[in-house]
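[1] Have a look; sequence and predicted model below, questions after that.
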Amino acid sequence: MSISQIWLASGEYKSGDLNTIEAGWQVLPQLYNDTKPRLFLFWTSNAYRTGCYNVRCAGFVQTSSSIVVGGSISPVSSYGGSQFEIAIQVWKDREYGNWWLSLGSNNELVGYWPAEIFTTLADHASVVQWGGEVVNWQRFGRHTTTQMGSGHFPEEGFGKSSYFCNLETVDINNSLQPVQELKRL
């Protein structure tokens, strides 16, 4: 599995009340039966004891008829070639408390996570993260040889590895604010 995503979270894993909203692209043959990059969504309200991908269970309410949640993404960037971006925005509706998702430069609405499916995220997110991950599904695997994205590092220059740009958060007034403090995890 290879993922590039944003996470909104609140609560604690140790106490079992971690709530997350996750959106981005992933390559996950175990779920999709292919190696295509796909738009994915995930949410949990109990520190990953349960959760839901895309619209495979009750939770995310899709309102768009033109964007396929779980659908393959095209075109895709190529090493040293054309680069493509996906603008992802998640924000909380102040009137009803739902968490909305939009995609693209025109902020096309995809749908929302209802406020009532969350506990600690019902009020606000305490953490917003951007990044990627890979998973080694091999039994007793210690270190993965699974490739993330192109498998290359940013030091090689633009067009050689994945990147995040124009990072902003949404404040209590639903206004976009530039990220103030970046921490590398």
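    All right, it came through fine. Please read these numbers as outputs of a predicted model, since none were measured by experiment.
[2] Now the residue nearest the centre of the chain: which helix or strand?
    With distances taken as C-alpha atoms, centre = their mean, the chain has A23 as the residue nearest its mean C-alpha position (2.3 Å). Element membership for A23, per DSSP states H and E: strand 19-27.
[3] Starting from that strand, tell me the next helix or strand along the chain.
    Immediately after strand 19-27, counting by DSSP H and E, sits helix 29-32.
[4] Let's test this: mean pLDDT of that next one, rounded?
    For helix 29-32, mean pLDDT is 91.
[5] for stretch 157-175, same thing?
    So the average pLDDT for stretch 157-175 ends up being 86.
[6] how about that stretch: buried residues?
    If you call a residue buried by 16 or more other C-beta atoms under 10 Å, then stretch 157-175 has these buried ones: 160-162, 170. In short, each C-beta sits where N, CA and C put it, glycine included.
[7] possible to save the residues you listed as CSV with secondary structure?
    Below are the buried residues of stretch 157-175 laid out as CSV (DSSP: H, G, I helix; E, B strand; the rest coil):
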residue, secondary structure
K160, coil
S161, coil
S162, coil
V170, strand
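[8] Among the residues you listed, which one sits closest to V90?
    V170 (7.8 Å; C-beta to C-beta).
[9] Report the beta-bridge partners for the closest one.
    Legend: beta-bridge partners of V170 under DSSP bridges are L176.
[10] So it is in contact with D93, correct?
    No. If you go by C-beta atoms under 8 Å, V170 and D93 don't touch, sitting 10.8 Å apart.
[11] Identify the residue spatially nearest to G71, adjacent ones excluded.
    Take G71 and drop its neighbours on the chain: the residue closest to it by C-beta to C-beta, 6 or more residues apart in numbering is L39, 5.8 Å away.
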